[in-house]
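> Could you look at this predicted model? Sequence included:
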Amino acid sequence: MAAEFAGLRSKVSAEALLVHKEDAGYEEARAGRCFGARVADRFPAAICLCKTTSDVQACVQFANANALKLSVRSGGHNWFNCSLRSGSLLIDVGDMKHVKIQKEKGRAVVGPGAPGGALQAALQEQGLFFPTGHCFTTPVGGFLIGGGYGLGQERYGLSCNSIVGLEVVTPDGRVLHCGEA
């Protein structure tokens, strides 16, 4: 780990993987979640495979304190590898895959890295539905950022219209809970 990222290592959870471009495991972290065989020739300065919202928050705060550009990836399901940005700190939330169904509320609490297929399977077990994307391997985070065009759209509208609350890390590093609890 390059010395300039040592301060970040002490702030993220022990489970988070933080790699600098000179570290073993960097290329797998950079290209391993890129959709298809095409990987852009862009190289983030470091990549953090976050496990918690606190990891994301630590990355955003570190980037601000060190004038680093940020990029975010939930699954890399993008032909152009938009999350790969040379010189940036790449926040990868693909391992934040939790899916917790709240049947009594008719809701689910879902991590941004959870694949749409995993969400659908958990919902189906409880007799519930959420309009996910056409490709069940696409993580919910990136799918919703794109508006949520997908299965059930004609009947239920865009998936983003079905969201009742979000946990968000703001550009200044604060964690906000938006909408219903």
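Done, it's in.
> show me the contacts for the closest residue to G94 other than its chain neighbours.
Once flanking residues are discounted, G94 sits nearest to G113: 4.1 Å by C-beta to C-beta, 6 or more residues apart in numbering. To be clear about C-beta, it is placed using only N, CA and C from the backbone, and glycine gets the same treatment. With contacts defined as C-beta atoms under 8 Å, 6 or more residues apart in numbering, G113 is in contact with 74-75, 93-97, 139-141.
> Helices - which of those land there?
140-141 (DSSP state H).
> Of all the contacts of G113, the one with the weakest confidence?
Across the set of these, G75 stands lowest in pLDDT, at 86.
> Quick check, that residue in contact with D95.
No. Look at G75 against D95 with C-beta atoms under 8 Å: they stay out of range, at 10.3 Å.
> neighbour count winner among the two?
G75 (25 against 19; other C-beta atoms under 10 Å).
> re the thing from before, could you dump the contacts of G113 into a markdown table and include distance to R107?
Shown next, in a markdown table, are those (distance: C-beta to C-beta, whole Å):
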| residue | distance to R107 |
| --- | --- |
| S74 | 20 |
| G75 | 22 |
| V93 | 20 |
| G94 | 23 |
| D95 | 23 |
| M96 | 18 |
| K97 | 17 |
| P139 | 19 |
| V140 | 13 |
| G141 | 17 |
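> What is the nearest of the contacts of G113 to R30?
Proximity of those to R30 (C-beta to C-beta) peaks at G94, which lies at 12.5 Å.
> I'd like to know how many residues surround the closest residue to R155 other than its chain neighbours.
In space, R155 comes closest to P131 once its chain neighbours are excluded; the distance is 8.0 Å by C-beta to C-beta, 6+ apart. Number of residues near P131 (other C-beta under 10 Å) recorded here: 21.
> Please apply the same query to H20.
Neighbours around H20, by other C-beta under 10 Å: 19.
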